[in-house]
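Engineer: Need the 3D shape of this:
(one chain, ligands or ions: 2)
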Amino acid sequence: MSVKILVVEDEDVIRDVAVDSLMDEGYECIEACNGAIGLDMILADPKIDIVLSDILMPKKNGIDMISEAVKGKSENRSIEFIIMTGHGGAEEAIDALKLGVLDFIQKPFDLDYLVHVVKRAEELINLRRSNQDYQLNLEAKVTEKTQEVQDLLVNLQMAHGEALACLAVASDYRDPETGNHIRRIGAYAHLIAKKLNWSDTRIDEILLAAPLHDAGKIGTPDLILLKPGPLDDNEFLIMKQHALNGHAILSQSDHPVMKVAANIALGHHERWSGGGYPHNIKGAEIPIEARIVTLVDVYDALRSKRPYKSEFSQEKTLSIIFEGDGRTNPSHFDPELLEVLESCVDEMNLIYSKWIDV
Ligand SMILES: [Fe+2]
Ligand SMILES: [Fe+2]
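Structural biologist: Numbers count the residues shown, from 1 in each chain. Ligands and ions are numbered 1, 2, ... in the order given. Down below sits the predicted model:
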């Protein structure tokens, strides 16, 4: 990019000679015959990069012009000043230095030297410009890359969430329970975790992980999975394997969601009071996420229509959970979670109605 030079000099001959020789070098030049006009031109034209100025001039001297130009210019504008001084101008030269003047030329000057000084100023300006361009480019590049990384992360999270949902749907394909069941289980578990004041991360994890509770049913034979009547002891033994199978499948990954899902798959048929499967553990030995899914899975099974039972009302479902019916007993569930359930029965009902089976 070329530079624009303003020559401020009251002696016409000197001014003409300076302007002509700089124009011969290819510079764009404008001129002023005193400091007052020079100042107006500097402030009016932001394209002026270099000011070559005499010191002693009528109306306004060079030092005052430079001082006012430095004060009046916009903050991010840079102008290089070069002073042309006669003999004995030492004091003015010091004043000029204080104002940040770049260079001096002694009058009468040699034209080659004038061009040499201007070229040095031009190099400095070009260096500063390319530095500014580099900074701007760098900032733009950083912003662009940050956005790319963020987009990638969002994509990755979406892909991950969708992969988990696909796995849940795949396991559900072999199950007489519906796709809406697994959706509801995720939403109920999410609600209970929220009521327990879990962190946002943990709440999101259980939302994704809970639908995978029966992923192990992929390995359960159809004859058992789809049997309309009650299972005999041997068949029930095989059915129970789905908890271990689910854990075996889901614990292949170290991802936090998969770890939660593996815990849920393994522990969702354990009972708070003991007597559940596969490990017959009890109380706090059962991971909290599994205890949550145990409760909401029973709630949903009671509410839904299944091959072996009709749909139960909210009232009947809650009375079975809180009072027992001979098969289900409140002692099966974590008492703290029963309290939480009691505090959000209307929201549970809303989730059931939102994704009701058709
Ligand atoms: Fe299960
Ligand atoms: Fe289930």
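
Engineer: does the closest residue to A18 other than its chain neighbours count as helix, strand or coil?
Structural biologist: Nearest residue to A18 in three dimensions, chain neighbours excluded: V7, at 5.1 Å (C-beta to C-beta, 6 or more residues apart in numbering). For every residue, glycine as well, the C-beta is placed using N, CA and C. Taking DSSP: H, G, I helix; E, B strand; the rest coil as the rule, one finds V7 in the strand state.

Engineer: ok, V7 touching V17?
Structural biologist: No. Counting by C-beta atoms under 8 Å, V7 stays clear of V17, with 9.7 Å between them.

Engineer: Have a look at the two and say which one is more surrounded.
Structural biologist: Set side by side, V7 and V17 show more neighbours around V7, with 24 against 17, by other C-beta atoms under 10 Å.

Engineer: Ignoring the adjacent residues along the chain, who's closest to L212?
Structural biologist: Spatially, and ignoring its direct neighbours in sequence, L212 is nearest to A261 (4.3 Å; C-beta to C-beta, 6+ apart).

Engineer: show me the contacts for the one you found.
Structural biologist: L164, L208, A209, A210, L212, H213, A215, L250 (C-beta atoms under 8 Å, 6 or more residues apart in numbering).

Engineer: pLDDT-wise, which helix or strand of this protein ranks last?
Structural biologist: helix 90-98 (a mean of 76; mean pLDDT, DSSP states H and E).

Engineer: How far does that one sit from its chain's centre?
Structural biologist: Relative to its parent chain, helix 90-98 has a centroid offset of 54 Å by C-alpha atoms, centre = their mean, to the nearest Å.

Engineer: counting contacts, what elements does it pack onto?
Structural biologist: Secondary-structure packing of helix 90-98 (3 or more C-beta pairs under 8 Å, 6 or more residues apart in numbering; DSSP states H and E): helix 62-72, strand 80-85.

Engineer: Go again with 10 Å.
Structural biologist: For helix 90-98, the packing partners by 3 or more C-beta pairs under 10 Å, 6 or more residues apart in numbering; DSSP states H and E come out as helix 62-72, strand 80-85, strand 103-106.

Engineer: Using CSV, lay out those together with mean neighbour count, mean pLDDT and distance to E323.
Structural biologist: Shown next, in CSV, are those (neighbours: other C-beta atoms under 10 Å; pLDDT from 0 to 100; distance: least, C-beta to C-beta, whole Å):
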stretch, mean neighbour count, mean pLDDT, distance to E323
helix 62-72, 19, 87, 86
strand 80-85, 23, 88, 90
strand 103-106, 17, 83, 97
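
Engineer: Turn these into a markdown table, columns for distance to P278.
Structural biologist: Shown next, in a markdown table, are the helices and strands packed on helix 90-98 (distance: least, C-beta to C-beta, whole Å):
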| stretch | distance to P278 |
| --- | --- |
| helix 62-72 | 83 |
| strand 80-85 | 82 |
| strand 103-106 | 88 |
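
Engineer: Out of the ones you listed, which gets nearest to L127?
Structural biologist: Of all these, strand 80-85 sits nearest to L127, with 11.6 Å by C-beta to C-beta.

Engineer: For the helix or strand containing A193, buried residues please.
Structural biologist: Element membership for A193, per DSSP states H and E: helix 179-195. Under the neighbour-count criterion of 16 or more other C-beta atoms under 10 Å, helix 179-195 has 179-194 buried.

Engineer: before we move on, what about stretch 147-154?
Structural biologist: Buried residues in stretch 147-154, counted by 16+ other C-beta under 10 Å: none are found.

Engineer: can you map out the helices along the stretch 251-358 of the chain?
Structural biologist: Here the stretch 251-358 of the chain has its helices, by DSSP state H, counting those that start in this stretch, at 256-267, 288-303, 314-323, 335-343, 345-354.

Engineer: Put together JSON lines for those helices, with mean pLDDT and distance to A170 on each row.
Structural biologist: JSON lines is the format used below for the helices of the stretch 251-358 of the chain (pLDDT from 0 to 100; distance: least, C-beta to C-beta, whole Å):
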{"stretch": "helix 256-267", "mean pLDDT": "94", "distance to A170": "14"}
{"stretch": "helix 288-303", "mean pLDDT": "97", "distance to A170": "18"}
{"stretch": "helix 314-323", "mean pLDDT": "97", "distance to A170": "28"}
{"stretch": "helix 335-343", "mean pLDDT": "98", "distance to A170": "29"}
{"stretch": "helix 345-354", "mean pLDDT": "97", "distance to A170": "23"}
